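Trainee: Show me the folded form of this:
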Amino acid sequence: MPLESCFESRTQPIEGWVSEQRRQTNENLALTEQRSDNHDIQVLRLFFRDLLMRNIVGEGGGRIYQCLCQTVRTKDDLTQRNLEKGLKMARYRWGIDVGSGVMMATVAFFRDELRWNWQEYLQQAERAKEWNFPDDPLLKIKHVKFKVRDLALSNFNSNYAAFDLHVTRVVSRIGLVAYGWELTANTGIDFGTNPADDANYLFFHRLFLKLASLSRGRFTPVDLDRIFWHLGRCRCGATTQCVTCPIRAMCLTGRQRCP
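Mentor: Numbering: from 1, shown residues only. Okay, here's the model as predicted:
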């Protein structure tokens, strides 16, 4: 699509955002494969950044990450006092105690239980991708739910995307939810309107796996998430701009509004 989208003061075509996400994923995976203390810290900071987003409501992930890069440089820096210092620098809005609790529990899992074995964790996630890895120990951490966990995993596994209202709204308007009716036996799900509901969120996870398979490998679930998210930002937000949208002819809502 010949559309540009702006994010964090940068503007580029949607295709560019997708390519950038793919490149970053490959770079992040390389960190997990080439084991070192420095790489462990780099990977851990990515998990910190996304697990702290607290349902991705108005949070500045980039600011949090930059502050943690200053305060968490080695494994010796993984103390509660030091993590709290980074959150204070970032002006973390959900409370220093809440944020430090999430980070200390994350450290306890990856350092104390997994011994920094990122590959073991990622392999577990890959094996359980169809049902969105419901037994993930990270989901037992207070304030960590599917969306922020999937946001963290999306840095390393392209089958996990963090669905928010912007994405589900666009997919529903286009009509792509119709490809997912057979994916659940739960007839009470309000399809496409409430990603905060776990059953609804799981439906979208499985739907995007199916849509990716229908593309025959051209797109991953994370690719599709980025495409729809940026489309929502530049054309299909709370108020639609169907007249100037390049896919209106193949979109159910666009065809209705611009016959």
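Trainee: burial count for the closest residue to residue 54 other than its chain neighbours?
Mentor: By the measure of Cβ to Cβ, 6 or more residues apart in numbering, the closest residue to residue 54 outside its immediate chain neighbours is residue 94, 4.8 Å from it. For the C-beta atoms, the positions are set from N, CA and C on the backbone; glycine is no exception. For residue 94, the count of nearby residues is 16 (other Cβ atoms under 10 Å).
Trainee: How about the one 5 residues further on?
Mentor: Residue crowding around residue 99 was assessed by other Cβ under 10 Å; the count is 24.
Trainee: how near is it to residue 144?
Mentor: 12 Å (Cβ to Cβ, to the nearest Å).
Trainee: swap in residue 162?
Mentor: To residue 144, residue 162 is 12 Å away according to Cβ to Cβ.
Trainee: Now the most centrally placed residue in the chain. Nearest residue, chain neighbours left out?
Mentor: Geometric centre of the chain, nearest residue: residue 151, 2.4 Å, by Cα atoms, centre = their mean. Nearest in space to residue 151, with sequence neighbours left out and distances taken as Cβ to Cβ, 6+ apart, is residue 162 at 3.8 Å.
Trainee: same deal with residue 88?
Mentor: residue 96 is the one closest to residue 88 (Cβ to Cβ, 6+ apart), at 6.2 Å.
Trainee: pretty sure the one you found contacts residue 87?
Mentor: Yes: between residue 96 and residue 87 there is a contact at 5.0 Å, judged by Cβ atoms under 8 Å.
Trainee: what about those two, which has more around it?
Mentor: residue 87 (25 against 16).
Trainee: Now the more buried one. Its backbone dihedrals?
Mentor: The phi/psi pair for residue 87 (degrees, to the nearest 10) reads phi -70, psi -40.
Trainee: Now do the contacts for it.
Mentor: Applying Cβ atoms under 8 Å, 6 or more residues apart in numbering, we find residue 87 in contact with 52, 64, 67, 96, 99-100.
Trainee: let's see 6 Å
Mentor: 96, 99 (Cβ atoms under 6 Å, 6 or more residues apart in numbering).
Trainee: Look up how far residue 147 lies from it.
Mentor: 20 Å.
Trainee: And for residue 70?
Mentor: Distance from residue 70 to residue 147, by Cβ to Cβ: 27 Å.
Trainee: Among the two, which residue is more densely surrounded?
Mentor: Legend: neighbour count by other Cβ under 10 Å for residue 70 and residue 147, higher for residue 147 (20 against 12).
Trainee: Quick one: residues contacting that one.
Mentor: Going by Cβ under 6 Å, 6+ apart, residue 147 touches residue 162.
Trainee: Mind telling me what element it is part of?
Mentor: Using DSSP states H and E, residue 147 sits within helix 146-153.
Trainee: tell me the average confidence for that helix?
Mentor: Helix 146-153 shows a mean pLDDT of 96.
Trainee: where in the stretch 1-150 of the chain is pLDDT low?
Mentor: 55-60 (pLDDT under 70).
Trainee: ok, which stretches of it are helices?
Mentor: Using DSSP state H, counting those that start in this stretch, the helices found in the stretch 1-150 of the chain span residues 14-33, 37-51, 61-71, 80-90, 96-107, 118-127, 146-153.
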